[in-house]
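Asks: I would like to see how this sequence folds:
(2 chains)
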2 protein chains.
Amino acid sequence: MIETMNFPSLEAIKAARQRIQPFIHRTPILKSEAINDMAGCEIYFKCENFQKVGAFKARGAANAVAKLTDAQKQNGVATHSSGNHAAALARAASVAGIKSYIVMPSNAPEIKKKAVKGYGGEIIECEPNLMARETTLQAVVKKTGATFIPPYDYMDVIEGQATCALEMWEEGIPFDTIMAPVGGGGLLGGTALTTKYLSPSTKVIAGEPEGADDAYRSFHAKKLIPMEGPKTIADGLLTSLGKINFAIIMDYVDDILTVSDEEIIAAMRLIYERMKIVIEPSCAVPLAALLKQKERFKGQKVGIILSGGNVDLGKLPF
Amino acid sequence: MIETMNFPSLEAIKAARQRIQPFIHRTPILKSEAINDMAGCEIYFKCENFQKVGAFKARGAANAVAKLTDAQKQNGVATHSSGNHAAALARAASVAGIKSYIVMPSNAPEIKKKAVKGYGGEIIECEPNLMARETTLQAVVKKTGATFIPPYDYMDVIEGQATCALEMWEEGIPFDTIMAPVGGGGLLGGTALTTKYLSPSTKVIAGEPEGADDAYRSFHAKKLIPMEGPKTIADGLLTSLGKINFAIIMDYVDDILTVSDEEIIAAMRLIYERMKIVIEPSCAVPLAALLKQKERFKGQKVGIILSGGNVDLGKLPF
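Replies: Numbers count the residues shown, from 1 in each chain, chains lettered A, B, ... in the order given. As a prediction, this is how the structure comes out:
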C-alpha cells in the first residue's frame, strides 16, 4: 500500500501556498537570546500561534476547501475534531461561503467550541471516543451530502500544512534541523516533505509526549501502532497517527523524541516568560525535546514550528 | 516652578534614540482584526512587552546610564523600584560595565527580583513603603557614591521613554490618538512630548486604574495630588505621579480615563486570547479605557503602547 502513495510534490506544495495565501497569515519567525543561551544553539520559532484561527490548521483546511469542485461546495464540508481543525475548517468554509458540520467530543474545551460557532460552523456533539466520532460523522455526511475533510490523514490537508515549512525556507536560513510536534502527523508530514525536497541534508525531527507516543513506537517498530488511552497535557497531540502521515514519516523523518509532561510544562513556561507569547502545550514539545538532548543540537540552526495558541487561560499549568 | 522646566526637545529625543539604539529592541507594532471589530476603530499595538527586560523601562534606563560622566560611572548607579525599572537599570548598568544597587520592597514579585539578580544588580531589600525606600536609597547612595536614577521623575529617563512613540511615528501611520497607561508618568510624559512635537492635532490619552487614580485627580484638580493606599491589579501603576511628569501632562496630555480592575482583566484576557501575547495587567488599561468609551474613538487610528510583559504566570487573573 505505502509504496503506491503519491505524496504532494514540491510543485503541488508551492501551488497550495499560492492558493491559500489570501486566506492565511504569513506568520513571523521569532528568536530569543535567552533561550538560545540556555539551549546552546540558534532557534528560529515559526509562530503559527499567530496564524488565523490560532493554529497551523488554517493552512490545511483552507487548501482542502479551495480544491473542492463546485458540486461538492453545494453540500458543504464536515469533519470530526477535538479542536483546532474544527475551527480551521469552519472558518475556511465560511470564507468560501459554504456550510460546515463539525462533530466534536462533548468534553472539547469551551474556547474551541466558541471559536467554531463564531466562524459559523454547526456543531454536532458526540461521546469523547473515536468510535462515536466516526459513527456520528458518517450519519452527518449521509444526511447532508457534505464532503468529509479529515483533520490530518488526507493529502490536501497535508499539502496545506506543508506550506508552513515552505515559508520558513523562503527566509533564507540554512536550517540544520527543523522540528515539529507530532499528533496525527499532518504538520510533521508536510514539514518533512517540504524540507527534504528543498534541503535533503537538513534533519527533520519530531517531538512527542511520552503519554501519547504512538508515532515514536510506530517509527521504531516500522509499522503503524494505533494509540490507546493517551494521556498528556499536550491536548493537541492526543490523536492517533494517520496512515498517509505514517508513510511520509517512514520515508522522510529522521527521528522522533519523546518528553514527559513535566518537561513540556517547563518548556512552555520558558516560552511564555522569555518570548512573551501565548502557546498551547503541544507547541512546547519540540523545544522540550531539544532541551533534553542539547548536545545533539549544539551550535545548530534549528527551526521549531510553534503549532498553535489556543489554550484555556483558566487552566494554564503554572 | 513648572513654567521654568525645560522638557526634552524633539532633537534631544532623537539623539536619545541614536544613543540607546544598540542596547534596545525596535519593537513590532501588531494588529488584531478581532479586536478592531469589537472596538470599532483601528488599533496599532506597540509591543514593548517584547522589549529588552520585557518593558519600555529599558529605554529610559539605557538613556540615563549612557549620559553619565566617566566620573559618575566609577561609582555606579542606584534606584528604588518595585519592578521593571529595577531590572532595566541593572541591565543598562551591566551592559555599560558599571555597578548597580537596587532598593526593592520585600514584597516585590519573585520574577522581578530574579531578573535584577540575573542582570548582575545588587538588591537591597526594604519595607514596602515609600518612606523606607527613600531612606534606604539615601543610605546606599551615601555609602557607595552611586548616582541615583529615579524610575520616572527624571528628565533623562523621560527622554528615553519618549523614543517609544518616536518609533511609532516613524512607521508613517497618521494616528488620531495615542494611548499609554499612567503610573509615575514617565512613559506618558515621553509619549506626549514626542507626539505633540510631531503631530499637534493627535490626541494623547492616558488610561489609569480607578484604584490608583492620582493622575486623573491631579489632572482635573490642576495640582499634584499624591496617591495614598493605591489598590489595583495593575501593579506597574501603583506609583505616585512624578512632579516633572505632572507638568508635562498638564501641558501636553488631552485626557485621562479611568477603568475598574474588572475592565482591566477583561481587556487583558482579550489581548491574550486574540493576539496570543503575554502582557502585564498595566498594559491592558488603555485598551480597557478605549472599549469603555468606544464612541469617542470610532473609526480612528489609535496607537496603544503595551508597556510590558513581566507578569507572574502563576497569578494570572483568569
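Asks: residue contacts, the residue of the stretch 51-200 of chain A found nearest chain B?
Replies: Closest contact between the stretch 51-200 of chain A and chain B, by Cβ to the nearest Cβ, is at residue A:54 (6.4 Å). In short, each C-beta sits where N, CA and C put it, glycine included. Residues near residue A:54 by Cβ atoms under 8 Å, 6 or more residues apart in numbering or on different chains: A:84, A:87, A:115, A:308, A:309, A:310, B:276.
Asks: mind running it again at 7 Å?
Replies: Taking Cβ atoms under 7 Å, 6 or more residues apart in numbering or on different chains, we find residue A:54 in contact with A:308, A:309, A:310, B:276.
Asks: next one: residue A:185
Replies: By Cβ under 7 Å, 6+ apart, residue A:185 lies in contact with A:152, A:215, A:241, A:242, A:245, A:246, A:249.
Asks: for the stretch 1-150 of chain A, which residues are neighbours of chain B?
Replies: Contact residues (Cβ under 7 Å from any Cβ of the partner chain) of the stretch 1-150 of chain A with chain B: A:49, A:50, A:54.
Asks: next, count neighbours for the second one.
Replies: Pointing back at residue A:50 there. Neighbour count of residue A:50, defined by other Cβ atoms under 10 Å in any protein chain shown: 23.
Asks: in this structure it contacts residue B:276, no?
Replies: Yes: with contact defined as Cβ atoms under 7 Å, residue A:50 and residue B:276 form a contacting pair (5.8 Å).
Asks: which parts of the stretch 151-300 of chain A sit against chain B?
Replies: Contact residues (Cβ under 7 Å from any Cβ) of the stretch 151-300 of chain A with chain B: A:269, A:272, A:273, A:276, A:277, A:278.
Asks: neighbours around the fourth one, how many?
Replies: Same thing as residue A:276. Count around residue A:276 with other Cβ under 10 Å applied: 24.
Asks: in helices only, show me the contacts of residue A:54.
Replies: Using DSSP state H, no member of the contacts of residue A:54 sits in helices.
Asks: by neighbours, which of the residues you listed wins?
Replies: Of all these, residue A:308 has the most neighbours under the rule other Cβ under 10 Å, reaching 31 neighbours.
Asks: distance check, residue A:218 against residue A:306.
Replies: Using Cβ to Cβ, to the nearest Å, we find residue A:218 at a distance of 24 Å from residue A:306.
Asks: compare neighbour counts for these two and give me the winner.
Replies: Between residue A:218 and residue A:306, counted using other Cβ under 10 Å, residue A:306 has the larger neighbour count: 30 against 22.
Asks: let's see the pLDDT reported for that one.
Replies: For residue A:306, the model assigns a pLDDT of 98.
Asks: partner residues bridging it?
Replies: residue A:47 (DSSP bridges).
Asks: residue A:280 is in contact with that one, correct?
Replies: No: in this structure residue A:306 lies outside contact range of residue A:280 using Cβ under 7 Å: 9.0 Å.
Asks: which secondary element of chain A has the worst mean pLDDT?
Replies: helix A:110-118 (a mean of 86; mean pLDDT, DSSP states H and E).
Asks: please name every helix or strand in contact with that helix.
Replies: Helices and strands touching helix A:110-118, by 3 or more Cβ pairs under 7 Å, 6 or more residues apart in numbering or on different chains; DSSP states H and E, are helix A:84-96, strand A:122-126.
Asks: report the inter-axis angle for the longest one versus strand A:122-126.
Replies: For helix A:84-96 against strand A:122-126, the angle between stretch directions is 160 degrees (axes from the mean of the first three to the mean of the last three Cα atoms, to 10 degrees).
Asks: next one: helix A:84-96 to chain centre, how far?
Replies: A distance of 15 Å separates the centroid of the chain from that of helix A:84-96, by Cα atoms, centre = their mean, to the nearest Å.
Asks: what sits up against it?
Replies: Around helix A:84-96, the neighbours that count as contacts under Cβ under 7 Å, 6+ apart are A:23, A:52-53, A:55, A:57-58, A:61-62, A:65, A:73, A:76-77, A:79, A:99-100, A:102, A:104, A:112, A:115-116, A:119-121, A:149, A:151, A:236, A:308, A:310.
Asks: in strands only, show me those.
Replies: Mapping these onto strands (DSSP state E) picks out A:77, A:79, A:100, A:102, A:104.
Asks: ok, and the most crowded of the residues you listed?
Replies: Using other Cβ under 10 Å as the neighbour test, the ones in strands among the contacts of helix A:84-96 are led by residue A:79, with 30 neighbours.
Asks: check contacts around that one.
Replies: Counting by Cβ under 7 Å, 6+ apart, residue A:79 has contacts A:85, A:86, A:89, A:102, A:103, A:148, A:149, A:150, A:151.
Asks: nearest spatial neighbour of the fifth one, skipping sequence neighbours?
Replies: So that's residue A:103. Of all residues not flanking residue A:103 in the chain, residue A:80 sits nearest, at 3.9 Å (Cβ to Cβ, 6 or more residues apart in numbering or on different chains).
Asks: burial measure for the one you found, as a count.
Replies: Using other Cβ under 10 Å, the number of residues around residue A:80 comes to 25.
Asks: so it makes contact with residue A:139?
Replies: No: if you go by Cβ under 7 Å, residue A:80 and residue A:139 don't touch, sitting 11.3 Å apart.
Asks: list the contacts of the residue nearest the centre of chain A.
Replies: Closest residue to the average C-alpha location of chain A: residue A:187 at 4.1 Å, with Cα atoms, centre = their mean. The contact partners of residue A:187, by Cβ under 7 Å, 6+ apart, come to A:56, A:161, A:180, A:305, A:307.
Asks: right, and the first one touches residue A:310 too?
Replies: No: the pair residue A:56 and residue A:310 does not pass the contact test of Cβ under 7 Å, sitting 11.3 Å apart.
Asks: which residue lies farthest from the center of chain A?
Replies: Max radial position in chain A (Cα atoms, centre = their mean) goes to residue A:143, at 29.2 Å.
Asks: can you pull the pLDDT of that residue?
Replies: In this model, residue A:143 carries a pLDDT of 97.
Asks: likewise residue A:129?
Replies: So residue A:129 comes in at 85 (pLDDT).
Asks: ok, the nearest residue to it once chain neighbours are set aside - how many residues close by?
Replies: Distance criterion Cβ to Cβ, 6+ apart; nearest residue to residue A:129, sequence neighbours excluded, is residue A:105 at 7.7 Å. Residue A:105 has 18 neighbours, counted by other Cβ under 10 Å.
Asks: same check, this time on residue A:6
Replies: Around residue A:6 there are 7 residues (other Cβ under 10 Å).
Asks: what's around the closest residue to it other than its chain neighbours, how many residues?
Replies: Spatial nearest neighbour of residue A:6, excluding adjacent residues (Cβ to Cβ, 6+ apart): residue A:155 at 7.9 Å. By other Cβ under 10 Å, the residues close to residue A:155 number 18.
Asks: look up phi and psi at residue A:155.
Replies: phi -60, psi -50 (degrees, to the nearest 10).
Asks: and if you look at the one 4 residues further on?
Replies: Backbone geometry at residue A:159, expressed as degrees, to the nearest 10, gives phi -60, psi -40.
Asks: shouldn't it be in contact with residue A:11?
Replies: No: using Cβ under 7 Å, residue A:159 makes no contact with residue A:11, being 10.7 Å away.
Asks: more neighbours: the two, which one.
Replies: Between residue A:159 and residue A:11, counting by other Cβ under 10 Å, residue A:159 is the more crowded of the two (29 against 9).
Asks: how close does the closest residue to chain B within the stretch 151-300 of chain A sit to residue B:285?
Replies: Ranked by Cβ to the nearest Cβ, the top residue of the stretch 151-300 of chain A for proximity to chain B is residue A:276, at 3.8 Å. Per Cβ to Cβ, residue A:276 is found 18 Å from residue B:285.
Asks: one more: residue A:217?
Replies: Residue A:217 is 50 Å from residue B:285, by Cβ to Cβ.
Asks: which of the two has more neighbours?
Replies: The neighbour count for residue A:217 versus residue B:285, taken as other Cβ under 10 Å, is higher for residue B:285 (34 against 17).
Asks: contacting residues for residue A:112?
Replies: A:83, A:86, A:87, A:310.
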